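K.L.:
turn this into a structure:
(chains A and B)
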Amino acid sequence: AQSVTQLDSQVPVFEEAPVELRCNYSSSVSVYLFWYVQYPNQGLQLLLKYLSGSTLVESINGFEAEFNKSQTSFHLRKPSVHISDTAEYFCAVSARGSARQLTFGSGTQLTVLP
Amino acid sequence: EAGVVQSPRYKIIEKKQPVAFWCNPISGHNTLYWYLQNLGQGPELLIRYENEEAVDDSQLPKDRFSAERLKGVDSTLKIQPAELGDSAVYLCASSPGSSGSTDTQYFGPGTRLTVL
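P.N.:
Numbering: from 1, shown residues only, chains lettered A, B, ... in the order given. Down below sits the predicted model:
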C-alpha cells in the first residue's frame, strides 16, 4: 500500500514570491506521482504527473515538481506565484502500473496575498 | 468536450433519510470512480467501475451505501439511511480506461452533502 504526507496544511505567500509545497510518499514498490489542484467550488484538475523518464516535470502554468526517489519526495514549486494560484493542492501516489488506484494526501491550501 | 457532470451540486437532508447522487462521465470513458472527500482531507476511493462492473468496492460501506452503473455510462451512488457522519463532498471521476496503467482521472465538481 502507498501513503502520502503533505507536510503543510496551509501556505500563505505574497504575490510574485516563490513557493514550495511539500509532498512525501511511502511505498514498497515503484510509483507514479501526481499533483492535483482544486479551485473553490470546482473539481480536482490534474496539474502534473511523473510516470517515468525525466524526474523534473512541468505544468503549463509555471509549476514544476521533481521526483526524488532517495528522499521519497515530490515537492511542487513555482518561482513566482499569482493571485489566481490560490487553491488547494493535493499530492497523490499510485503503484507503478496502477494509475487507477490513487492515494491522496490531505491537501495544502495555498493562499496568495496581494 | 464536456467534463464530468454531477448532480445535484448541493444536498441537505435530515438523518435517516435516503439520498442519491448522479454522475455522467466524459464521453467514451470506460472507468468511473466515486470518491468521498471529508473536510480538510484528500479524496478517498469508494468504488471503481470498469464499464458496468464494480472492480474495487472494498472501501464502500455496504450496509448503507450502494452504487450502480447499469449501462456502463452514467452512475448513481445512494446512501440509505444517511447518518450525520456522511456529511462530506462526494466526487465522481472518470478515465479513458484505454491507456492501461497510465490513465489520468478527470474529476467532476462534486456533490456537497449536509446531513442534519
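K.L.:
what's around A:Val4, how many residues?
P.N.:
23 (other C-beta atoms under 10 Å in any protein chain shown). Every C-beta, even on glycine, is put in place using the N, C-alpha and C of the backbone.
K.L.:
isn't it up against A:Tyr25?
P.N.:
Yes - A:Val4 sits in contact with A:Tyr25 when judged by C-beta atoms under 8 Å, with a separation of 5.1 Å.
K.L.:
which residue does chain B have closest to chain A?
P.N.:
Sorted by distance to chain A under C-beta to the nearest C-beta, the residues of chain B start with B:Gly42, at 3.0 Å.
K.L.:
contacting residues around that residue?
P.N.:
With contact taken as C-beta atoms under 8 Å, 6 or more residues apart in numbering or on different chains, B:Gly42 is in contact with A:Val4, A:Phe90, A:Ala92, A:Phe104, A:Gly105, A:Ser106, A:Gly107.
K.L.:
could I get the pLDDT score of it?
P.N.:
At B:Gly42 the predicted local confidence, pLDDT, stands at 92.
K.L.:
could you measure the closest residue to it other than its chain neighbours against A:Gln10, distance?
P.N.:
For B:Gly42, the nearest residue in space outside its immediate sequence neighbours is A:Phe104; the separation is 3.0 Å by C-beta to C-beta, 6 or more residues apart in numbering or on different chains. The gap separating A:Phe104 from A:Gln10 is 17 Å, by C-beta to C-beta, to the nearest Å.
K.L.:
near residue 76, how many residues? Count them for me, please.
P.N.:
In the absence of a named chain, chain A is used. Other residues within reach of A:Leu76 by the criterion other C-beta under 10 Å amount to 24.
K.L.:
I was thinking of chain B, sorry if that wasn't clear
P.N.:
A count of neighbours around B:Thr76, defined by other C-beta under 10 Å, yields 14.
K.L.:
thought it was touching B:Ile47?
P.N.:
No - here B:Thr76 does not reach B:Ile47: they are 11.4 Å apart, not a contact under C-beta under 8 Å.
K.L.:
can you confirm the residue of chain B closest to chain A is in a helix?
P.N.:
No - when classified by DSSP: H, G, I helix; E, B strand; the rest coil, B:Gly42 is found to be coil rather than part of a helix.
K.L.:
and stretch A:4-18, anywhere near chain B?
P.N.:
Yes - contact of stretch A:4-18 with chain B (C-beta under 8 Å from any C-beta of the partner chain) involves A:Val4, A:Ser9.
K.L.:
may I see the buried residues of that stretch?
P.N.:
Buried residues in stretch A:4-18, counted by 16 or more other C-beta atoms under 10 Å in any protein chain shown: A:Val4, A:Gln6, A:Val11, A:Val13.
K.L.:
cool, and stretch A:34-44?
P.N.:
When burial is assessed from 16+ other C-beta under 10 Å, stretch A:34-44 yields the following buried residues: A:Phe34, A:Trp35, A:Tyr36, A:Val37, A:Gln38, A:Gly43, A:Leu44.
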